[in-house]
Every structure is written in C-alpha cells, then in structure tokens.
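**Q** below is the structure, and that's it, no one-letter string:
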C-alpha cells in the first residue's frame, strides 16, 4: 500500500515539474498537405547576382485556415533560400532558378515553425514562368522580334556601306554581310535573366502535413 502511494506521489511531482512537451489537440493545428500559401516577395531575386543558398523573405498575403480556424494570419513572415541558379546562355539555355519556403513566423514572433512547400506560380515577374514539379523559375529568353530587328538594322547598315564602297551591286553584298553580322551579334548576346522583383506574388503549395502551435490573431484595435 505504502509503495503504491509513493509511486502515485512521484507521478504527481513529475507532472508538476516536468509537464508534457507534446502539444495538446487544443493548442495545436495541422496545416494539411496541399494547402496554398500566397506570399508577396520582399526580396529581389535574379539569375544575375543571386547565388545558391541565398536567403529570401516574403509576407503572407491572405490568412490561412485549417479546420475552420485562422491559423496563419496575413502579414506573417515567410523565409526560405534559393536552391538552384543557372545563368542564361548565349545560343541556348534560359536562366533558371529554384527557391523553397522553409519557415513561417507569425506577428510579434508569437510562433515560428518549419514548413515544406514548393513554388507553383509567380505573378508580377515579367517574362518569368514557373515550370516542373520542383517549381523552377525560367527567364523569358531572347525576343524573336528584337533579334529580327537587330539583324535587320545590321543588314541595312551593311547595305549602306556596300553601296558606298562598291556601287549599286555592292549593296547586295553589303546586305548579305550585314544580315550575317546581325545573326552573329544576336547569337553573341545572352538570353535575358530570370528575375523575381520585390513585390512578386508567389504561390506555394505545402508538400506535407505540418503541425504547429495555434496562434490567436491579434484583434484590430481600430474596430474597438
């Protein structure tokens, strides 16, 4: 009997001084896989200057709900890093870049937790497109219109030089030389960089369930 009382008392003391570390169902929430995060980028990223491992940050544009409750308030800070950068090539190869979201910190740093989410879309980045399961951002590449225009200008210049130096028939040779020069000039130029300017609206998809502590959204004092 005495032994039983001692064990019971020990259990009480352990519960008082060493409370359970696991979150109870009332204090936690699960952000299910497939949840959408709308993030406004607060960092400018580009295949010109950005390197593998560089950090980036943004803010949640729309609150996220789980189980009918708001669990991630708008304005929460999202942080991650760039996992891959490939500068654009000359003849072929558009600039490419990949980034992942890793953490969310709610207002006043009330909670900070890890997430696994991949990029699905980017709006507000001229010419950039998101492709593939890994969410690769690709640059716009070269403009066919600009390339033709450049070649045309060079061809006209070549024709003018040919006409001056060789007379009327020289213009034909000059035009051919100018067109060739235009093509060479175009090939020598790089494709355009993939750039995500500050303010770009990114859409991330949560890849797996994430459990975190519940945070009560701060009330708007202006409504009181």
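**A** Cool, got the structure. Keep in mind that this is a model prediction, so the values were computed, not measured.
**Q** show me what the strand of greatest length in the chain is packed against.
**A** The longest strand of the chain (DSSP state E) is strand 112-123. Applying 3 or more C-beta pairs under 8 Å, 6 or more residues apart in numbering; DSSP states H and E, one finds that strand 112-123 contacts strand 96-105, strand 129-131, strand 201-206, strand 210-213. Any C-beta I mention is one placed from the backbone N, CA and C, and that applies to glycine too.
**Q** got those as CSV, with mean neighbour count and mean pLDDT columns?
**A** Output for those, formatted as CSV (neighbours: other C-beta atoms under 10 Å; pLDDT from 0 to 100):
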stretch, mean neighbour count, mean pLDDT
strand 96-105, 20, 93
strand 129-131, 15, 93
strand 201-206, 20, 96
strand 210-213, 16, 79
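**Q** for residue 88, find the nearest of the ones you listed.
**A** Each of the helices and strands packed on strand 112-123 has some distance to residue 88 by C-beta to C-beta; the shortest is strand 96-105, at 8.4 Å.
**Q** so in that sheet, which strands flank the closest one, and in what orientation?
**A** Using DSSP bridges, strand 96-105 pairs in its sheet with strand 77-86 (antiparallel), strand 112-123 (antiparallel), strand 136-138 (antiparallel).
**Q** Provide the contact partners of that strand at residue level.
**A** Defining contact as C-beta atoms under 8 Å, 6 or more residues apart in numbering, one finds that strand 96-105 is touched by 37, 39, 45-47, 50, 56, 60, 72, 76-86, 111-119, 134-139, 194, 196, 204.
**Q** quick one on the thing from earlier: out of the helices and strands packed on strand 112-123, flag the one nearest residue 28.
**A** Nearest of the helices and strands packed on strand 112-123 (C-beta to C-beta): strand 210-213, 5.6 Å.
**Q** circling back to that earlier point, the strands paired with strand 96-105 into TSV, with extra columns for mean neighbour count and mean pLDDT?
**A** Listed next are the strands paired with strand 96-105 as TSV, based on neighbours: other C-beta under 10 Å; pLDDT from 0 to 100:
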stretch	mean neighbour count	mean pLDDT
strand 77-86	18	95
strand 112-123	17	90
strand 136-138	23	94
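**Q** so for residue 31, which of the ones you listed sits nearest?
**A** Of all the strands paired with strand 96-105, strand 112-123 sits nearest to residue 31, with 7.3 Å by C-beta to C-beta.
**Q** just the angle for that closest one relative to strand 201-206, thanks.
**A** In terms of direction (axes from the mean of the first three to the mean of the last three C-alpha atoms, to 10 degrees), strand 112-123 departs from strand 201-206 by 130 degrees.
**Q** how near is residue 112 to residue 86?
**A** Between residue 112 and residue 86 the distance is 32 Å, computed by C-beta to C-beta, to the nearest Å.
**Q** ramachandran angles for residue 44?
**A** phi -90, psi 130 (degrees, to the nearest 10).
**Q** what's the helix or strand for the residue lying closest to residue 66 once chain neighbours are set aside?
**A** Leaving aside its sequence neighbours, residue 66 sits nearest to residue 29 (C-beta to C-beta, 6 or more residues apart in numbering; 5.1 Å). Residue 29 belongs to strand 28-31 when assigned by DSSP states H and E.
**Q** returning to what we had before: export the helices and strands packed on strand 112-123 to a markdown table and tack on distance to residue 123?
**A** Output for the helices and strands packed on strand 112-123, formatted as a markdown table (distance: least, C-beta to C-beta, whole Å):
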| stretch | distance to residue 123 |
| --- | --- |
| strand 96-105 | 15 |
| strand 129-131 | 10 |
| strand 201-206 | 4 |
| strand 210-213 | 24 |
